[in-house]
Every structure is written in structure tokens, then in C-alpha cells.
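# Provided below are the primary sequence and the corresponding predicted coordinates.
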Amino acid sequence: DSGVTQTPKHLITATGQRVTLRCSPRSGDLSVYWYQQSLDQGLQFLIQYYNGEERAKGNILERFSAQQFPDLHSELNLSSLELGDSALYFCASSPTGPSYNEQFFGPGTRLTVL
Amino acid sequence: GENVEQHPSTLSVQEGDSAVIKCTYSDSASNYFPWYKQELGKGPQLIIDIRSNVGEKKDQRIAVTLNKTAKHFSLHITETQPEDSAVYFCAPPDFNKFYFGSGTKLNVKP
């Protein structure tokens, strides 16, 4: 158990809908990262937050947004969903700011868009 | 990832043999080189990492070697066991962005 929790574990929705994925980092970790993993694909970095502020952006679509709250939990919002958004979404956390630290991954949220 | 190449994409070995996975990166400023293991249905987990001031690091059956001049680092697993079967990713940070390699699916045959 990495100490990172993600809810829900599974999510099934329809095209055009909007969903919110939630992540609670390990106690004391200030950085949260979001990744997308499509079937048999690698991990695509989406975005990083550090202590409530956006720190780095990867291949995140404009239909996606995220935020980190004062209690350090984070939410990833996916809107106008398309079939191709079906994937595993992982959240990870690390103790300090950018880079150079182990990331602890949550168990993931499996999103299915029908 | 954009700046990371990982080879091979699949690797099948007999139990007890060694396995080597190579990762090539482009950002010469990188100074942290981790390897993650992802078991089926789980999130990735760090198994070993190395910093740029060190050329090699070992942890029991796992080792990582770094060649900064050639910009590549490799994961070595000796005396492989069936529980080593998983997907392995390298993930050298590129100035706050995290480009994971495409992954190597390792299958250890009993």
C-alpha cells in the first residue's frame, strides 16, 4: 500500500459527460501528479501540482482540468468525454517539489466511456 | 515519452536467467534516474533509482547502471523469478515533466 488513495476505482459513463476523479496523497506529501494510461500503453504525464499550485503541464487536453485543494487532495476533471478517454488514470505523490524524488502511485481509477 | 526510449518492449527469459532493459534519454540536465515496476492491475512502484554522481547501484538482485556520456541507463535483474514478471518503466525527469518510457513487458518462464 503506497498510502495514496484514489476514488472511485471504476467509473463508467457516456460520451459527452463530465467526471471528477479524486486523489488523496500520502500524509505530508506536497506534490501530486496525474497520469493517463491507455490499454497496453505507457504512462502519459498530464499535470503536476505542488502545495496548491500548478507546477508542470504535460500532454493534458483542454477538456481536462485539475486542482489541488488546501488539504492537498487533488481532483482531475474530465469533460466532454470521448471514447478515446477510456483509460486508467493514476495519481502519484511525492514529498517535496519538482523532480528528483520517488513518486508513490495510487491504485488508479479505471474510466470507461461508452 | 517524448524524450525517452526504452528497449526492448518485450523480454522473455527462463527463470534464473538475467534480464537487461535499457533506457535512452535526451535531457543532459537529468540527474535522477528511476525504474518502476508495474504489476497487473496495480500502480507503478519504484524498485531502484540512481543519481548522476553514481555510476552503478545494486539492491540484491536488481542493479542500475548509468552512462551519462551516452545518455542511457539500464536495469539489470539477475536470477530472475516468476514474480519478476511485470512491466518495467524508466522515467528520467525532464525539467519537471515526467516522460515515462514506453515500458518493457518482462515474462519469466518457470
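Received, thanks.

# May I have the secondary structure class of the residue of chain B found nearest chain A?
Nearest residue of chain B to chain A, counting by Cβ to the nearest Cβ: residue B:43, 3.2 Å away. Just so you know, the C-beta spots here come from the backbone N, C-alpha and C atoms, and that holds for glycine as well. Secondary structure for residue B:43, judged by DSSP: H, G, I helix; E, B strand; the rest coil, is coil.

# Would you check that it makes contact with residue A:90?
Yes: Residue B:43 is within contact range of residue A:90, at 5.3 Å (criterion: Cβ atoms under 8 Å).

# so what's in contact with these two at the same time?
Common contacts of residue B:43 and residue A:90 (Cβ atoms under 8 Å, 6 or more residues apart in numbering or on different chains): A:105-106, A:108.

# Strands - which of those residues land there?
residue A:105 (DSSP state E).

# Pull out the buried residues from the shared contacts of residue B:43 and residue A:90.
A:105-106, A:108 (16 or more other Cβ atoms under 10 Å in any protein chain shown).

# Pick the one among those closest to residue B:15.
residue A:105 (27.3 Å; Cβ to Cβ).

# in what helix or strand does the residue most central in space within chain A lie?
Geometric centre of chain A, nearest residue: residue A:34, 3.2 Å, by Cα atoms, centre = their mean. Following DSSP states H and E, one finds residue A:34 within strand A:31-37.
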